[in-house]
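Engineer: no FASTA, just this:
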């Protein structure tokens, strides 16, 4: 999972990189940023390109920035342990927040469903004649009115006698302007 922001502890970064040149520190920041977006891994064969260092300078910059990565775990990647730990913390925090939100929403849904008479209606029809002189079997109908496919509006019982006419003030105002 990718996270919107990466925590940067400037005191730790400065304390650990005081011996680096500006070029080396910039390359290290680019490598950290890449590691954050790619599960704390930097591909060994693309590290120079990610760090944005020229072929001429890479042999001098590489040993300085490589010391911050674990290169013994995987032959093809450099692993940044601090970034890995921060990603684990971010995942844990995200999961806790997700669980809390789901719990909160499930409680509010349960409360809303219990208090809202329009959510679910259960109707049992018993002892009705089916028009052939026999009683119809009991029918259990359950309708969820929150389903967008259900038209919960009932048709009018009778046609309305109300005719839509313009309001008298608007009709008079229109005559004055003409």
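Structural biologist: Structure's in. What do you need? Quick caveat, the model's predicted, so the values are computed rather than measured.
Engineer: Flag the shaky bits of this structure, pLDDT-wise.
Structural biologist: 1, 109-157, 160, 170-178 (pLDDT under 70).
Engineer: all helices for it, in order.
Structural biologist: Assigned by DSSP state H, the helices in the chain fall at 10-17, 22-37, 47-51, 58-66, 81-115, 168-177.
Engineer: In CSV: these, plus mean neighbour count and distance to residue 161.
Structural biologist: From N, CA and C alone the C-beta is placed, and that goes for glycine too. Shown next, in CSV, are these (neighbours: other Cβ atoms under 10 Å; distance: least, Cβ to Cβ, whole Å):
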stretch, mean neighbour count, distance to residue 161
helix 10-17, 11, 76
helix 22-37, 18, 68
helix 47-51, 18, 77
helix 58-66, 16, 84
helix 81-115, 12, 36
helix 168-177, 9, 19
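Engineer: Tell me which of those approaches residue 3 most closely.
Structural biologist: Of all the helices of the chain, helix 81-115 sits nearest to residue 3, with 5.0 Å by Cβ to Cβ.
Engineer: got the angle for that closest one vs helix 22-37?
Structural biologist: Angle, helix 81-115 to helix 22-37, by axes from the mean of the first three to the mean of the last three Cα atoms, to 10 degrees: 40 degrees.
Engineer: Show me what helix 81-115 is packed against.
Structural biologist: On a contact count with 3 or more Cβ pairs under 8 Å, 6 or more residues apart in numbering; DSSP states H and E, helix 81-115 meets helix 22-37.
Engineer: angle of the helix it packs on against helix 10-17?
Structural biologist: Using the same axes, to 10 degrees, helix 22-37 lies at 130 degrees relative to helix 10-17.
Engineer: what angle do helix 22-37 and helix 58-66 make?
Structural biologist: In terms of direction (the same axes, to 10 degrees), helix 22-37 departs from helix 58-66 by 60 degrees.
Engineer: Remind me what helix 22-37 packs against, helices and strands.
Structural biologist: helix 10-17, strand 41-43, helix 47-51, helix 58-66, strand 77-79, helix 81-115.
Engineer: Need the contact partners of that helix.
Structural biologist: The contact list for helix 22-37 (Cβ atoms under 8 Å, 6 or more residues apart in numbering) reads 2-3, 6, 17, 20, 41-42, 47, 50-53, 57, 61, 64-65, 68-69, 78-80, 83, 86-87.
Engineer: Relative to residue 25, how far out is residue 68?
Structural biologist: Distance, residue 68 to residue 25, by Cβ to Cβ, to the nearest Å: 11 Å.
Engineer: ditto for residue 14
Structural biologist: 9 Å.
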